[in-house]
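Participant: here's a sequence, model it:
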Amino acid sequence: MTALLIVLGVLFLLVVILGLWAVGIYNSLVTLRNRFKNAFAQIDVQLKRRYDLIPNLVETAKGYLKHERETLEAVIKARNIAASAAQTAAANPADGNAMRGLMSAEAGLGGALSRLMMVVEQYPDLKASQNMAQLTEELTSTENKIAFARQAYNDSVMTYNTKRETFPTVLVAGALGFQPAELFKIEDPGERNAPKVQFT
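Facilitator: Below you'll find the model as predicted:
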């Protein structure tokens, strides 16, 4: 009878230790997931700021670029697509499909902004406009903030994914519902260059 109690006591102790181990892993994964979600929220703030600047930029350019209607419409369309994708990604930054959709939409917006800036270069009066210079300065500043926020997000995602994929966490992460997070990266090497928005 005593031997049976000892065996039951050891088994109970092992179950308690395994339970505490699983709770510790769960809590650390929740912490890391919340960190990368917070890091994405910082990107989202800067993206919204950029999306708010773009209509002002287009409106300022409109008076000068009467013959460039297609370019202006393309920028607004790309901005709306990117804003919608950002809203979807913000709802669940852990959703890989939403993040890939945002990356694609951001690449399209970057291309449309680059085309707009190339057109603006052809209009000296527009380049000299104080309002246009101020908007492009704000857009440049926002692009830099987005780059820093993306870096912080990717660092948080890397920490989370590393924890999720290392032993012994990998044994229980999937069962606890922790899926891999998607890095915020640019696939097309040509899109790695920020839109040129400075006038000199």
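
Participant: toward the C-terminus, what is the element adjacent to the top helix by length along the chain?
Facilitator: Counting by DSSP state H, the longest helix found in the chain is helix 2-62. Sequence-wise, the next helix or strand downstream of helix 2-62 (DSSP states H and E) is helix 69-91.

Participant: next, the angle from that next one to helix 2-62.
Facilitator: 160 degrees (axes from the mean of the first three to the mean of the last three C-alpha atoms, to 10 degrees).

Participant: what packs against whichever helix or strand comes after helix 69-91?
Facilitator: Next along the chain after helix 69-91, taking DSSP H and E as the criterion, comes helix 96-121. When contacts are defined as 3 or more C-beta pairs under 8 Å, 6 or more residues apart in numbering; DSSP states H and E, helix 96-121 sits against helix 2-62, helix 69-91, helix 124-128, helix 130-165. All C-beta atoms are positioned from the backbone trio N, CA, C, and that covers glycine.

Participant: and the longest helix of the chain, what does it pack against?
Facilitator: So helix 2-62, by 3+ C-beta pairs under 8 Å, 6+ apart, packs with helix 69-91, helix 96-121, helix 130-165, helix 170-173.

Participant: now do the buried residues in the second one.
Facilitator: What it means is helix 96-121. 98-117, 119-120 (16 or more other C-beta atoms under 10 Å).

Participant: go on, the last one?
Facilitator: By 16+ other C-beta under 10 Å, the buried positions in helix 170-173 come out as Val172, Ala173.
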